[in-house]
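[1] curious how this folds, go ahead:
(one chain, ligands or ions: 1)
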Amino acid sequence: MSIVILTGAGISAESGLGTFRDEDGLWTKYDLNEVATPEGFARNPALVQDFYNARRANCRGASPNAAHHALGRLVAARPDTVVVTQNVDDLHERGGVTDVIHMHGELFRALCAACDHRWDAPEEMSVSAPCPACGAPATRPDVVWFGEMPYHMERIFDALERATLFVAIGTSGSVYPAAGFVGEARANRVETLELNLEPSDVGGQFDAGRYGPASEIVPLWVDEVLGAR
Ligand code: OAD
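    Now for the predicted structure:
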């Protein structure tokens, strides 16, 4: 069995990182047009840098939970498993998954808006910091904003073609293209499973669903796959 896993903010919720659309989610406190679009960044780069600096600090203080560790165990036992995440945090890596496909980029990487050079993000990023490659004062977080093309799509669609099982964990199914992966998997006759706190916006498209906190349901499912239960 070759498994493709898609994760969203729900897998990191119990690590203390907020989700986006739940009650108390980040998009109930911040205007996504101001902090997560290229236009917002052009209007007020300092506001956007402050938002991501705060998220970077939050993430540094957070630890992977049982769901991240369970996926680490799964990948160690089944190295052909592909983990795709919409999350910009590094909790999968710290949970033992070394090759994570970050389709929405990474909080801990910086990107030069002038020459596309990438490097490790400093703790506090500022737009006036010069790019180490070209010197332009055009530093931005290496995250994908609304209106920008998610990363690694070809690799993801290839993996969805070869998979026998597609599992979505902790994602609301409200942001495309990730919300379309279940449809793509089904078109490829891949079995589909949703693991979430509650049925997502696209929950009806999955062959099966299991609902509860990720820290409980993900380790149980991994144990089943690995034949421990
Ligand atoms: P959302 O905030 O949209 O959805 C989080 C999902 O996690 C919801 O379906 C919750 O029910 C579920 N959830 C919450 N707590 C959970 C828990 N303890 N265990 C399991 N599930 C839980 O987050 P995403 O789907 O990740 O993009 O959002 C997708 C994209 O929208 C993000 O990558 C981000 C955002 O805007 C960009 O910023 C480009």
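[2] just confirm L74 contacts T81, I think it does.
    Yes - at 5.7 Å, L74 counts as touching T81 under the criterion of Cβ atoms under 8 Å. Quick note: C-beta positions are derived from backbone N, CA and C, even for glycine.
[3] shared neighbours of those two, which are they?
    I3 (Cβ atoms under 8 Å, 6 or more residues apart in numbering).
[4] what pLDDT does F206 get?
    Looking at F206, its pLDDT stands at 98.
[5] roughly how far apart are it and G147?
    Going from F206 to G147 by Cβ to Cβ, to the nearest Å gives 28 Å.
[6] higher neighbour count, the two?
    F206 (23 against 11; other Cβ atoms under 10 Å).
[7] the more buried one reaches V182, doesn't it?
    Yes - contact criterion Cβ under 8 Å: F206 and V182 qualify, at 6.0 Å.
[8] common neighbours of those two, please.
    Joint contacts of F206 and V182 (Cβ under 8 Å, 6+ apart) are A168, T192, E194.
[9] the longest strand seen in the chain packs against which elements?
    Criterion DSSP state E: the longest strand present in the chain is strand 105-112. Using 3 or more Cβ pairs under 8 Å, 6 or more residues apart in numbering; DSSP states H and E, the elements in contact with strand 105-112 are helix 45-60, strand 118-120, strand 139-143.
[10] the ligand: which of these is closest?
    Counting by Cβ to the nearest ligand atom, the ligand lies closest to strand 139-143 out of the helices and strands packed on strand 105-112; the figure is 6.9 Å.
[11] so which bits of the helix or strand just after that closest one are buried?
    Counting by DSSP states H and E, the element after strand 139-143 in chain order, helix or strand, is helix 153-162. With burial defined by 16 or more other Cβ atoms under 10 Å, the residues of helix 153-162 counted as buried are I156, A159, L160.
[12] and if you look at stretch 105-125?
    105-114, 117, 121, 125.
[13] what sits up against the lowest-mean-pLDDT helix or strand in the chain?
    The least trusted helix or strand in the chain, going by mean pLDDT, DSSP states H and E, turns out to be helix 26-29, with a mean of 92. For helix 26-29, contacts defined as Cβ under 8 Å, 6+ apart pick out G18, T19, F20, R21.
[14] where does pLDDT dip in the chain?
    By pLDDT under 70, the low-scoring segments of the chain are 228-229.
[15] helices along that one, start to end?
    Assigned by DSSP state H, the helices in the chain fall at 26-29, 32-35, 38-43, 45-60, 66-77, 91-94, 153-162, 181-187, 214-225.
[16] what about Y30, neighbour count?
    Quick note: Y30 (other Cβ under 10 Å) scores 15 neighbours.
[17] I figured C115 hits A133, correct?
    Yes - with contacts counted by Cβ under 8 Å, C115 reaches A133, the gap being 5.9 Å.
[18] spit out the contact partners of the nearest residue in space to D201 that is not next to it in sequence.
    What sits nearest to D201 in space, not counting adjacent residues and going by Cβ to Cβ, 6 or more residues apart in numbering, is G173, at 4.1 Å. Going by Cβ under 8 Å, 6+ apart, G173 touches A179, V182, S200, D201, V202, G203.
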